[in-house]
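**Q** One predicted model, sequence on top.
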Amino acid sequence: MSALLHDPVLALGLGAFALLLLVLPLSFWALSGGRNSSAVRLLVASANLCLTAQLVLRWLDSGHFPISNLYESLCFLAWACTLTQLLVERSWPSPVVPAAATPMALGCVAFASFALPGTLQEASPLVPALRSSWLIMHVSVIMVSYAALLVGSLLSLAVLFTDRGQVLELRSNSIGSGGYRQAQLATAGGNPGPAQLSSVAMPVAEQLDSLSYRTITVGFLLLSVGLVSGAVWANEAWGSWWSWDPKETWALICWLVYAAYLHTRLIRGWQGRKPAFVAVAGLVVIAVCYIGVNLLGIGLHSYGWFFDS
């Protein structure tokens, strides 16, 4: 308790954890009732503000962008996940969004606050390679891209559990061709009459599919920018654009997985459950890229924990 009183950064992290822990049952309760909850959105926004204050205070105390160790990185990822969740909910207010996305931010804050040793929770000076103006550009873009990809993949996972006993037939315009294909089929029998358009209510699975596609697209674009900026920074720091470091390799695998997801959507015309399986595979790849490589203490990008003395 005395440590929390003397370190407001840790106290704000625990405050965000408490808020998100309260959000979790409330979001599933709202989901079971099929209604939106303004209290859930308010609590998520409050948790995001706690994380924002935490990162700002750590930045002021350390004098550098708060991304020097795994604790700060996890808190930044939780901040980006809650922000992405709020933006997605603004696009489509639904109890499914917080129920699907909140566990990720909660897990990040819980792991940072309770699983990491105290030495990794303290602010540490930047190593010489990180003392660059590229730090904010590269790391922040990569972390925000991970947040968007994680939230989008969790929404795709929700698609797999929505209306599982029914055939999922999507009519949305999430790939820009669904309506066109239906109109083409309607006129393929030699009757080139005008296609009849009517307003229909979009089911939950269709909304989730569209939201996950748009969120993953934003995350993929940010990941592409992050990889390019990382290559430029690596050339300045180590004299090589690409060194096949474990972190770089897994980041490339992550990029390829989500490129395959977008390929199935845009070229193959897949919608619904098929591309959702690809997005869920992306969750595993991000976990290995972000957590696995870091904790094993290998490579130039590792924060090192298990094998540090």
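**A** Yes, it's here.

**Q** going forward, measure contacts and count neighbours with C-alpha atoms only.
**A** OK.

**Q** pLDDT below threshold where in the stretch 51-200 of the chain?
**A** 127-130, 163-200 (pLDDT under 70).

**Q** show me where it has helices.
**A** Assigned by DSSP state H, counting those that start in this stretch, the stretch 51-200 of the chain shows helices spanning 70-91, 96-110, 118-121, 134-160, 178-186.

**Q** in the longest one, what counts as buried?
**A** Right, the one you point to is helix 134-160. Neighbour-count burial for helix 134-160, with 16 or more other CA atoms under 10 Å as criterion, is recorded at 134-135, 138-160.

**Q** who wins for proximity to W255 among the helices of the stretch 51-200 of the chain?
**A** helix 134-160 (10.3 Å; CA to CA).

**Q** From the contact counts, what lies against that closest one?
**A** Helices and strands touching helix 134-160, by 3 or more CA pairs under 8 Å, 6 or more residues apart in numbering; DSSP states H and E, are helix 70-91, helix 96-110, helix 204-238, helix 273-287.

**Q** circling back: any chance of the helices of the stretch 51-200 of the chain in a markdown table with distance to S62 as columns?
**A** Putting these into a markdown table (distance: least, CA to CA, whole Å) gives the following:
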| stretch | distance to S62 |
| --- | --- |
| helix 70-91 | 11 |
| helix 96-110 | 20 |
| helix 118-121 | 12 |
| helix 134-160 | 14 |
| helix 178-186 | 51 |
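
**Q** Ok, which of these comes nearest P25?
**A** Between P25 and those, the shortest gap by CA to CA is with helix 96-110, which sits at 8.5 Å.

**Q** Any chance you could list what contacts that closest one?
**A** Identification of contacts with helix 96-110 by CA atoms under 8 Å, 6 or more residues apart in numbering yields 13-14, 16-17, 20-21, 23-24, 27-28, 31, 40, 74-75, 77-79, 81-82, 85, 88-89, 150-151, 154-155, 158.

**Q** could you redo the last one with a cut-off of 7 Å?
**A** For helix 96-110, contacts defined as CA atoms under 7 Å, 6 or more residues apart in numbering pick out 13, 17, 20-21, 24, 27-28, 31, 74-75, 78, 81-82, 85, 89, 151, 154-155, 158.

**Q** coming back round to it: which of the helices and strands packed on helix 134-160 sits closest to D61?
**A** Closest among the helices and strands packed on helix 134-160, using CA to CA: helix 70-91, at 12.7 Å.

**Q** by contact count, what packs against the helix or strand containing W255?
**A** For W255, the host element (DSSP states H and E) is helix 246-266. Packing partners of helix 246-266 (3 or more CA pairs under 7 Å, 6 or more residues apart in numbering; DSSP states H and E): helix 273-287.

**Q** Alpha carbons of the helix it packs on, as CSV, please.
**A** Provided in CSV are the C-alpha atoms of helix 273-287 (Å, rounded to 0.1, in the frame of the first residue of the first chain):
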residue,chain,number,x,y,z
ARG,A,273,-16.9,-17.3,-40.7
LYS,A,274,-14.2,-18.2,-43.3
PRO,A,275,-12.1,-15.0,-42.9
ALA,A,276,-12.9,-15.0,-39.2
PHE,A,277,-10.8,-18.1,-38.8
VAL,A,278,-7.9,-16.3,-40.4
ALA,A,279,-8.3,-13.3,-38.1
VAL,A,280,-8.4,-15.6,-35.1
ALA,A,281,-5.1,-17.1,-36.3
GLY,A,282,-3.8,-13.6,-36.2
LEU,A,283,-4.5,-13.4,-32.5
VAL,A,284,-2.1,-16.3,-31.9
VAL,A,285,0.6,-14.7,-34.1
ILE,A,286,0.4,-11.4,-32.3
ALA,A,287,0.6,-13.1,-28.9
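
**Q** sorry, back to before: residues of the helix holding W255 that come out buried?
**A** Applying 16+ other CA under 10 Å to helix 246-266 flags 246-248, 250-255, 257-262, 264-265 as buried.

**Q** Now that helix: average pLDDT?
**A** Helix 246-266 shows an average pLDDT of 90 in the prediction.

**Q** quick check: angle from that helix to helix 273-287?
**A** 170 degrees (axes from the mean of the first three to the mean of the last three CA atoms, to 10 degrees).

**Q** Report the backbone C-alpha coordinates of helix 246-266 in CSV.
**A** Output of helix 246-266 as CSV, limited to C-alpha atoms (Å, rounded to 0.1, in the frame of the first residue of the first chain):
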residue,chain,number,x,y,z
PRO,A,246,13.0,-12.9,-34.1
LYS,A,247,10.7,-9.9,-33.4
GLU,A,248,11.1,-8.7,-37.0
THR,A,249,10.4,-12.2,-38.4
TRP,A,250,7.2,-12.6,-36.3
ALA,A,251,6.1,-9.1,-37.2
LEU,A,252,6.4,-10.0,-40.8
ILE,A,253,4.5,-13.3,-40.2
CYS,A,254,1.8,-11.2,-38.5
TRP,A,255,1.7,-8.9,-41.6
LEU,A,256,1.4,-11.8,-43.9
VAL,A,257,-1.5,-13.4,-41.9
TYR,A,258,-3.6,-10.2,-42.0
ALA,A,259,-2.6,-9.7,-45.6
ALA,A,260,-4.1,-13.1,-46.3
TYR,A,261,-7.2,-12.1,-44.4
LEU,A,262,-7.7,-9.0,-46.6
HIS,A,263,-6.9,-11.1,-49.7
THR,A,264,-9.7,-13.5,-48.8
ARG,A,265,-12.1,-10.6,-48.4
LEU,A,266,-11.1,-8.4,-51.4
